[in-house]
Structures are given as C-alpha cells and as structure tokens.
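Chemist: quick one, fold the following:
(one chain, ligands or ions: 1)
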Amino acid sequence: ETLAPEIRQLTSKRSQVLGESYRLFYRNPVHLVRGQGQYLWDKAGNQYLDMYNNVASIGHCHPAVVEAVHQQMMQLNTHTRYLHESILAYSDRILATMPAEIDRAMYMCTGSEANDLAIRIAQCWSGGTGIIVSKEAYHGTSALTSGVSPALGSGQPLSPHTRLVAPPDFYRIQTADQGAWFAQQIQQQIDDMRAQGIKFAGFLADSIFSSDGVLPGQPGFLKQAIDVVHQNGGIFIADEVQPGFARTGEAFWGFARHGIVPDVVTTGKPMGNGIPVSGLMAKAPVLAAFSDALPYFNTFGGNPVSMAAAHAVLDVIEQEGLQAHSLHTGAALLAALQELQATYPCIGEVRGAGLFIGFELVKDRESKQPDKALALDLVEALREAFVLTSVAGPYGNVLKIRPPLCFQTQDIDWVVSAMDRCLRKLTG
Ligand code: PMP
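Modeler: So this is what the prediction gives:
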C-alpha cells in the first residue's frame, strides 16, 4: 500500500526529529486537523467518527471548555502557592461526587503523576512496599508507575515488589461467584509477598480493567477483594483515569459501580477535556503520613486555567446529562454490536459498561482462542471506513470502543455498518 506523499513526508519527519519510543497508530497514519463533538477531520477533509477518545470526553473542542480556558487565560494563570477560589470550589464539587470519607484533593497534570503520588502515599501509610496490579495493567510513565505497568511489555522490568493478579476475565473464567474468585486471587498475591518478606502496601486497579481487555464484570464483584486488601493492612487505589467522569454510565466513578470506598482515587484524561489536569482524592488519615513527612508542589497542577477547564467539564456533564446518556446510548450501542454475533462467529463476546465496550475476536467460540491478527486487520479496515478504534488486552484481540460521551444514537449505524462491511471483507 502506498502512502499519500504528505503522509509519507510527515511520517519520515517524525522519525528524524522525535524520540524513537513514539508509536503511531495505523499502517496508513491519520493526519487530523480539526475536531468537533464525536467527529474528527483529516487534512484531506475526510470526516471520521471517533470511537476511541476519552480525553475529549465531553466532545472535541467543546465550546464551554474553550470559553472557560480562554477567559481564565486572559485573567491569570499561576501556581498553587497563592490563594485562589477556583481550586477550592472545584475540590468541593469533586469531593461531593465521592463517598464522604474521601475528603482531600490534590492536583497534578497527568495520570502518571497521580498514580506515582498514590503509590508513595500507600507506601508511607502502610510502611510496606508491595503493590498488586492486574497482569496487563498500565498506570503510567514514571519510574514508579512503569514499575507497576506490565502492559509496557518485557522490555520494562517490574519493581521487585510488584505482584500481578489474574484479570477478571469472566469470558474465559467460569465461576458462579465472581467476587469470591477475585478476592482469592488477591489473597494469594498478598500471601506470596508475605512469604518473601515483602510488606503489602496496596492494590492499584482501574475498575474496568481497560488494558486487560475491557473487563467490567458484574457490578459489585470487586467488593470482596477490597475487603481482603483492608484486612491485610493495605489500601485500595482506584485508578479512575479510564472509567471516571461518567464513562461507565451506571455511576459517575468506576469504583461506585462496585459499591466500594477506595482509600485513594486517581484521575486524569477526561478531567480537563484535553487541558492537562489530573487529581488525587483521598481519605485525610491515609494522606497524613505522607503529608507529615513531605511537602508536595506541582508547578502546573491545579492552576486556575486547569481548574477552569475542569469546572467546565463538570458543568457540561451535568447540563447535558452525560452520565445517563452514556448509560442509555452505551446500552444501545452494545446491543447493536452484539447483534453482529449472529452473522460472525469470530465475535466471541461484546461486553461493556456505558460507553466503554470491549469487542473480543476469537478463532472460534468453542476454544475462545484469541484472534489478534483479525483484530488488527479490523482496526485498519475500520480506519479506512473512517471509524477510529484500537485494541487492548493481553492477546491484543479486543477492540476498545470508547467514543466521546456525546456519541449519539444516530452514530450507531455508522459504526455497526462499518463493522459489518469490514468483517464481511475480512472473514467472507
Ligand atoms: N492509568 C490508566 C488506567 C491509563 O490508561 C493511563 C494512560 N493511558 C494512565 C494511568 C497514565 O496517564 P497519563 O498518560 O496521563 O500519564
């Protein structure tokens, strides 16, 4: 396949000037120049349906965020060592969405920084070092967080104090009691740490297990596991970078789907709809050991412009009813994608919560053997049909379907008919 001259030129310029760790999506890379709502446009004027972006979560270039950021940028932007109302008002608002025990907020710019701080807090509080994460977890780019991110692959050594728990892949694991099964996996890892003289500090998880292949499980199944974490003197850190801010529909936060109270919550991506802002919310007593020992200052974290964006995001989620919208539109999209299973035996399972869907491709439904090659070809074919998605999971065979929350019922036709055409071409 030959690339358009302009794409070839940009691709080769990238490889000349950018660090080589960067990875582009697609054999035929996409050059985007404009976004609005759930749509994107490339340089040639083609319109795409964005089925992947949870950063521009309330929609690309949402006018409320653009306006709020613009106004604040003209007024003042500086760090958090001076008084400012906006960070306080935002903290009141965000803490009001969480259980009452979670009563403190801190701000950073990325999910990595939030998780990095959360791990340090867990270690300070427990006096231990051991952290449990899921087998294909991704929690960030810093030394500490990449040490708990097996998704980075074998090139990334994990911390010797990291333990990996089997993900809740209830498509393959048949169990009558999801909660008991997962709690037992956690207990095993804690026991293993103890046997090796490592003190347990905490369990860090994204409650929809997105990099493990989008594994929502039954609402509530995490509860028993979190009880085990607490009984063993550790804390639970809910990484809400993926499921947070109304994404899963049933609740504003992913952890709330499970009726659990985390000790620390970390946020990122959708919080500022593209403005880099992230947060860490925690129970005051859990923060105390860290705060007593160390100061924390994050130059850009929680500045007035970031807070203006974050306020606007909450306003829009409320005003546009995006949580209920995510629930209903997500259910309709899920049902429409599941209908394709009648035609294509390669679709093993379609599962999800709200507008966060995993579409799992298998060689056959008996063996459930993952079909990574088909998943990759499908992502490429969808791109040529102007629908943007990507893959997740340990086998790379699960399409991650996660559009901006303003995705509409009328967009379902576009995705489902594109899927149908692409699958027919690839498997017919
Ligand atoms: N946690 C999860 C669950 C994530 O998906 C990501 C980013 N993909 C991060 C943390 C890291 O966030 P950031 O890239 O903003 O540092």
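
Chemist: now do the helices in the chain.
Modeler: Using DSSP state H, the helices found in the chain span residues 5-17, 63-75, 85-96, 111-126, 143-146, 178-195, 223-231, 284-293, 304-319, 322-339, 372-384, 409-427.

Chemist: most neighbours per residue, which of those helices?
Modeler: helix 111-126 (a mean of 24; mean count of other C-beta atoms under 10 Å). In short, each C-beta sits where N, CA and C put it, glycine included.

Chemist: quick one: that helix near the ligand?
Modeler: Yes. Applying C-beta under 6 Å from any ligand atom, one finds helix 111-126 in contact with the ligand at Gly111, Ser112, Asn115.

Chemist: so can I have CSV of the helices of the chain showing mean pLDDT?
Modeler: Conversion of the helices of the chain to CSV gives the following (pLDDT from 0 to 100):
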stretch, mean pLDDT
helix 5-17, 96
helix 63-75, 98
helix 85-96, 98
helix 111-126, 98
helix 143-146, 98
helix 178-195, 98
helix 223-231, 98
helix 284-293, 95
helix 304-319, 98
helix 322-339, 98
helix 372-384, 98
helix 409-427, 98
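
Chemist: what's near enough to touch the residue of the chain found nearest the ligand?
Modeler: Nearest to the ligand in the chain, going by C-beta to the nearest ligand atom, is Gly111, at a distance of 2.5 Å. Going by C-beta atoms under 8 Å, 6 or more residues apart in numbering, Gly111 touches His139, Gly140, Asp239, Val241, Thr266, Thr267, Gly268, Lys269, Ser278.

Chemist: pLDDT, distance to Arg383 and neighbour count added to these, as a markdown table?
Modeler: Converted to a markdown table, the contacts of Gly111 look like this (pLDDT from 0 to 100; distance: C-beta to C-beta, whole Å; neighbours: other C-beta atoms under 10 Å):
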| residue | pLDDT | distance to Arg383 | neighbour count |
| --- | --- | --- | --- |
| His139 | 98 | 28 | 32 |
| Gly140 | 98 | 27 | 25 |
| Asp239 | 98 | 28 | 31 |
| Val241 | 98 | 25 | 27 |
| Thr266 | 99 | 31 | 32 |
| Thr267 | 98 | 29 | 26 |
| Gly268 | 98 | 26 | 27 |
| Lys269 | 98 | 22 | 23 |
| Ser278 | 98 | 29 | 28 |
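
Chemist: ok, and of those, which contact the ligand?
Modeler: Answer for those near the ligand (C-beta under 6 Å from any ligand atom): His139, Gly140, Asp239, Val241, Gly268.

Chemist: re earlier: nearest to Leu76, of the contacts of Gly111?
Modeler: Ser278 (21.1 Å; C-beta to C-beta).
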